[in-house]
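> Structure, please.
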Amino acid sequence: MSVNNIDQVLAQMRVIKAQAMGNPELANPAVGGVSFSHMLKQSIDSVNQTQLQSSELKQAFELGQKEVNLVDVMVAAQKSDISFEAMVQVRNKLIDAYKEVMNMPI
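Reported below is the predicted structural model:
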């Protein structure tokens, strides 16, 4: 992940924290906050973009393009794997939270 992606994730985490603590300015997307679905879509798009870049670098290296070296390909592949694994873990936590909420007594 690049520094910009890390900053974006941290900003999203701060927004979620503010929403959880009941901060009305950030809890309402119409007032200036960010909706959860929008953040989730951005995160998935970011992971998809990372995977596409990794795939393009792999293909360029396999075709023998001189400007692409093995180090860049391996770093891109690792970034892609790590971002995908993080997304899977977030999905698992969301599913666990959903199951917990559904099992709560009314």
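> What about Gln51? Give its phi and psi, please.
phi -70, psi -40 (degrees, to the nearest 10).
> Just give the nearest non-adjacent residue to it, would you?
Excluding the flanking residues, the one nearest Gln51 by CB to CB, 6 or more residues apart in numbering is Ser80, at 4.8 Å. The way it works is simple: take the backbone N, C-alpha and C, and place the C-beta from them, glycine included.
> Find the centremost residue of this protein, please.
Ser43 (3.3 Å; CA atoms, centre = their mean).
> Please point out which parts of the strand or helix carrying Ile82 sit buried.
Following DSSP states H and E, one finds Ile82 within helix 70-102. Neighbour counts over helix 70-102 (16 or more other CB atoms under 10 Å) mark Val73, Ala76, Ala77, Lys79, Ser80, Ser83, Met87 as buried.
> by contact count, what packs against it?
Packing partners of helix 70-102 (3 or more CB pairs under 8 Å, 6 or more residues apart in numbering; DSSP states H and E): helix 36-62.
> out of the buried residues of helix 70-102, who's nearest Ile16?
Relative to Ile16, the closest of these is Met87; by CB to CB it sits at 15.6 Å.
> Quick check: phi and psi at the nearest residue to Ala60 once chain neighbours are set aside.
Among residues not flanking Ala60 along the chain, Val68 sits closest, at 4.4 Å (CB to CB, 6+ apart). Backbone geometry at Val68, expressed as degrees, to the nearest 10, gives phi -110, psi 120.
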